[in-house]
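Peer 1: have a look at this prediction, sequence included:
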Amino acid sequence: MSTLEIRGLKVSVDTENGAVEILKGVDLTIKSGQTHAIMGPNGSGKSTLAYSIAGHPKYAITGGTVTLDGADVLEMTVDERAKAGLFLAMQYPVEVPGVSVSNFLRTAATALRGEAPKLRTWVGEVKDAMEALHMDPSFAQRNVNEGFSGGEKKRHEIMQLELLKPKIAILDETDSGLDVDALRIVSEGVNRAKDSNNVGVLLITHYTRILKYIKPDFVHVFANGRVVEEGGPELADKLEANGYAEYVGA
Amino acid sequence: MSTLTTNYLTPTGREEAWRFTPLKRLGGLHDGSAKIEDRNSLSYSGSSAGVSFDRLSRALAPTLTEIDDVIVSRIRDHASDVAVLTIKAESEIAEPIYLNRIKGGLASAELSRVQIRIESHAKATIIIENNGGAVLAEDIEISVAPGASLTFITLQEWDAGSIHAARHHAIVDRDATFKSIVVTVGGSLVRMLPTVDFIAPGASAELLGVYFATSGQFFEHRMFVDHKVPNAKSRVNYKGALAGDQAHTVWIGDVFIRAAAEGTDTYELNRNLLLTDGARADSVPNLEIETGEIVGAGHASTTGRFDDEQLFYLMSRGIELEDARRLVVRGFFNEIVSEIGVETIQERLMNRIDDELAKAGK
């Protein structure tokens, strides 16, 4: 049982006009097995929250705490956060030229498990994960994210979620750019990770459609750098009907 | 044969061809002050059918090309014989042909003339392995006869202190294919001049290279592709990494499309990865075009640092910074190293690159 606890998190970024505060005090608690949807308009700071938790150097933490089972996440390097059990499925996964998916996955698994996975079982693991996400075996020989379609990038992210088995996963707009079939396949992957590893999920999205496939236990409305309303799945229905208008400019 | 002794001028460093090279570190190869020893160090130990390796007097191996490079002129003036590797017509040599320099030494210099003759419709891969300590000036002339195909790989895995100045000149005939891969990861000063001369239509050349310079190393790769006949194709792709104080690399890509060279298709690319402060990468593409009737001509040159987003992505999967850097650098070079096609060499080079990177990290 793991708990990611975010308390009063304030984050700013450097711009040409000096530091600009993006997150203005965020409180959230995510436990194993729970699914939290964070919904909000573009520019509300959802992705900043995701990248700040993962430790992207662009974001400066100016206040608050983030702990995973009591351990100070903000003190950890990026790789230490992953080793502690955090995972970020990125909205725009980065191309790494010349590095094959197969090499990348094995290097990551070795780092996270503390030893190289046994080759025979590992090959099977990867094959199963790829098949489950309807990915062609040749995918493993391609360079990480290089020339991938939008859908392939997202499948590759969710494949990592399934293989690397984090405690808490942050999915940053995993639904963006996916057609209906791909959305279903990717969502099934997330649900498998929930079922088999009891992963806690922080699902960041702009639209409600992914929530038809991945059922949230909690919905948080994000606007202007903070959580402005919280509720159960019914809140998503309200957003579907009314949009974000009432939260913006308020 | 006339001597050039009185004709050549010792470069001063102000000449275009020498403006980047630290002449003082050339071991006297350029000004004639080097102490010369005839080592005849190039050796071939294979025995493939269709391959012959001989040492011929210079009367039997006249030069194929004119050249104004002062070091090459001194080699030609001095060398009394020529190492000649011939691939007989129609021979397809499946396994790579290895040439090694077995006798080295830093106390004296070797001036070496080499000719590689790929006869018509022959096909081969030749790998020259340069390692250990040496002061070496090389004039390698390569003729690729009509319909022939040569992959020519030179590996500069020198020890620290080695000095190597070489010209690889390929004369590529009708419908022939020449592919060169130059790898420079060791030595104090390495200056390579890969040049291509297309002499009949339908020829193609691919010049690939990788280099990794660390503290105090100077590596220069200066190529010239001469499109003087129609319908020839050339591609140049060199990738380099630099790390450490005073690491210095120079890449010059000269491509000349003469008026007669209609239908030319050429592209050249140089990418440099600056891994630390204090290193310097000079990159100068030059494209001179005398006809507009071509398929394409272009060049690109980039010099950048580690991509923070790549490192972040890898580290967010638990990979430590040092391993992430190693993956990115290996990935950067993989595009070209994987073209060598010999697994053991590729792995050896990647390990050497890891070592260079680790040295730089300290």
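Peer 2: Cool, got the structure. These numbers come from a predicted model, not from an experiment. Numbering: from 1, shown residues only, chains lettered A, B, ... in the order given.

Peer 1: let me see the contact set for the closest residue to chain B within chain A.
Peer 2: Nearest to chain B in chain A, going by C-beta to the nearest C-beta, is A:Gly98, at a distance of 2.9 Å. (C-beta placed from N, C-alpha, C; glycine too.) Residues in contact with A:Gly98 (C-beta atoms under 8 Å, 6 or more residues apart in numbering or on different chains) are A:143, B:330-335.

Peer 1: residue ranges with poor pLDDT in the chain?
Peer 2: Reading this off chain A. A:249-250 (pLDDT under 70).

Peer 1: my question was about chain B
Peer 2: Residues of chain B that meet the cut-off, pLDDT under 70, sit at B:1-8, B:361-362.

Peer 1: repeat the analysis, applying 80 as the threshold.
Peer 2: B:1-9, B:103, B:360-362 (pLDDT under 80).

Peer 1: re the thing from before, now the contacts of A:Gly98 in JSON lines, with distance to B:Arg101, secondary structure and neighbour count?
Peer 2: Output for the contacts of A:Gly98, formatted as JSON lines (distance: C-beta to C-beta, whole Å; DSSP: H, G, I helix; E, B strand; the rest coil; neighbours: other C-beta atoms under 10 Å in any protein chain shown):
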{"residue": "A:Asn143", "distance to B:Arg101": "35", "secondary structure": "strand", "neighbour count": "19"}
{"residue": "B:Arg330", "distance to B:Arg101": "27", "secondary structure": "helix", "neighbour count": "19"}
{"residue": "B:Gly331", "distance to B:Arg101": "31", "secondary structure": "helix", "neighbour count": "22"}
{"residue": "B:Phe332", "distance to B:Arg101": "28", "secondary structure": "helix", "neighbour count": "26"}
{"residue": "B:Phe333", "distance to B:Arg101": "24", "secondary structure": "helix", "neighbour count": "23"}
{"residue": "B:Asn334", "distance to B:Arg101": "27", "secondary structure": "helix", "neighbour count": "22"}
{"residue": "B:Glu335", "distance to B:Arg101": "28", "secondary structure": "helix", "neighbour count": "16"}
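
Peer 1: pull the distance from the helix or strand harbouring B:Thr151 to the chain's centre.
Peer 2: If you go by DSSP states H and E, B:Thr151 is part of strand B:149-158. Remark: strand B:149-158 is offset 7 Å from the chain centroid, using C-alpha atoms, centre = their mean, to the nearest Å.

Peer 1: so what are the sheet partners of that strand and their directions?
Peer 2: strand B:123-132 (parallel), strand B:177-186 (parallel) (DSSP bridges).

Peer 1: for that strand, which positions count as buried?
Peer 2: B:149-158 (16 or more other C-beta atoms under 10 Å in any protein chain shown).

Peer 1: what's the first helix or strand after it?
Peer 2: strand B:163-172.

Peer 1: and for B:Gly341, the neighbour number?
Peer 2: 14 (other C-beta atoms under 10 Å in any protein chain shown).

Peer 1: checking my notes, B:Gly28 in a helix, right?
Peer 2: No. B:Gly28 is assigned coil when assessed by DSSP: H, G, I helix; E, B strand; the rest coil, not a helix.

Peer 1: that one contacts B:Ser108, correct?
Peer 2: No. B:Gly28 is not in contact with B:Ser108 according to C-beta atoms under 8 Å; the separation is 10.3 Å.

Peer 1: part of a helix, is the residue of chain A closest to chain B?
Peer 2: No. Counting by three-state DSSP, one finds A:Gly98 to be strand, located in no helix.

Peer 1: how close does the closest residue to it other than its chain neighbours sit to B:Glu290?
Peer 2: Nearest residue to A:Gly98 in three dimensions, chain neighbours excluded: B:Gly331, at 2.9 Å (C-beta to C-beta, 6 or more residues apart in numbering or on different chains). Separation of B:Gly331 from B:Glu290 (C-beta to C-beta, to the nearest Å): 39 Å.

Peer 1: quickly list what residue 220 is bridged to.
Peer 2: Just going to use chain A. A:Ile38, A:Glu230.

Peer 1: sorry, should have said chain B
Peer 2: Beta-bridge partners, per DSSP bridges, of B:Glu220: B:Arg191, B:Val250.

Peer 1: now do the contacts for it.
Peer 2: By C-beta under 8 Å, 6+ apart, the residues touching B:Glu220 are B:20-21, B:190-192, B:249-252.

Peer 1: neighbour count and distance to B:Ala260 added to these, as CSV?
Peer 2: Putting the contacts of B:Glu220 into CSV (neighbours: other C-beta atoms under 10 Å in any protein chain shown; distance: C-beta to C-beta, whole Å) gives the following:
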residue, neighbour count, distance to B:Ala260
B:Phe20, 19, 31
B:Thr21, 21, 32
B:Val190, 26, 34
B:Arg191, 28, 31
B:Met192, 22, 28
B:Thr249, 28, 34
B:Val250, 21, 30
B:Trp251, 28, 28
B:Ile252, 20, 24
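
Peer 1: out of the residues you listed, who's nearest A:Thr121?
Peer 2: B:Thr249 (43.8 Å; C-beta to C-beta).

Peer 1: what residues are up against that closest one?
Peer 2: B:211, B:213, B:218-221, B:240, B:242, B:272, B:280-282.

Peer 1: how about B:Tyr294: what's its closest non-neighbour residue?
Peer 2: Slight slip there: residue B:294 is Ile, not Tyr. Nearest non-adjacent residue to B:Ile294 (C-beta to C-beta, 6+ apart): B:Thr264, at 4.4 Å.

Peer 1: again, but for B:Ala259
Peer 2: Closest residue in space to B:Ala259, ignoring its immediate chain neighbours: B:Glu290 at 4.2 Å, by C-beta to C-beta, 6+ apart.

Peer 1: backbone torsions only: list them for that neighbour.
Peer 2: Main-chain torsions, B:Glu290, degrees, to the nearest 10: phi -110, psi 0.

Peer 1: now for it, how many residues are close by?
Peer 2: B:Glu290: 13 neighbours (other C-beta under 10 Å).

Peer 1: just to revisit the earlier point, among the contacts of A:Gly98, which two are most distant?
Peer 2: Longest span within the contacts of A:Gly98, C-beta to C-beta: A:Asn143 and B:Phe333, 13.0 Å.

Peer 1: circling back to that earlier point, which residues are in contact with both of B:Gly28 and B:Ser108?
Peer 2: Shared contacts of B:Gly28 and B:Ser108 (C-beta under 8 Å, 6+ apart): B:34-35.

Peer 1: so A:Pro93: helix, strand or coil?
Peer 2: Relying on three-state DSSP, one would call A:Pro93 coil.

Peer 1: so who does it touch?
Peer 2: Contacts of A:Pro93 (C-beta under 8 Å, 6+ apart): A:145, A:148, A:153-154, A:156-157, B:313.

Peer 1: doesn't B:Lys24 fall inside a helix?
Peer 2: Yes. With three-state DSSP as the criterion, B:Lys24 is located in a helix.

Peer 1: I'd say A:Lys165 and A:Asn198 touch.
Peer 2: No. If you go by C-beta under 8 Å, A:Lys165 and A:Asn198 don't touch, sitting 10.0 Å apart.

Peer 1: compare neighbour counts for the two and give me the winner.
Peer 2: Neighbour count, other C-beta under 10 Å: between A:Lys165 and A:Asn198, A:Lys165 has more, with 18 against 15.

Peer 1: how about the longest helix anywhere in chain B, does it get close to chain A?
Peer 2: Determined from DSSP state H, the single longest helix within chain B is helix B:343-361. No. Using C-beta under 8 Å from any C-beta of the partner chain, helix B:343-361 never reaches chain A; the gap is at least 10.7 Å.

Peer 1: what residues does that helix touch?
Peer 2: B:127, B:155, B:157, B:183, B:185-186, B:210, B:212, B:214-215, B:241, B:243-244, B:275-276, B:322, B:325-326, B:329-330, B:333-334, B:337-338, B:340.

Peer 1: give the buried residues for that helix.
Peer 2: B:345-346, B:349-350, B:352-353, B:356-357, B:360.

Peer 1: those residues: which two are farthest apart?
Peer 2: Farthest pair in the buried residues of helix B:343-361, by C-beta to C-beta: B:Ile345 and B:Ala360, 22.5 Å.
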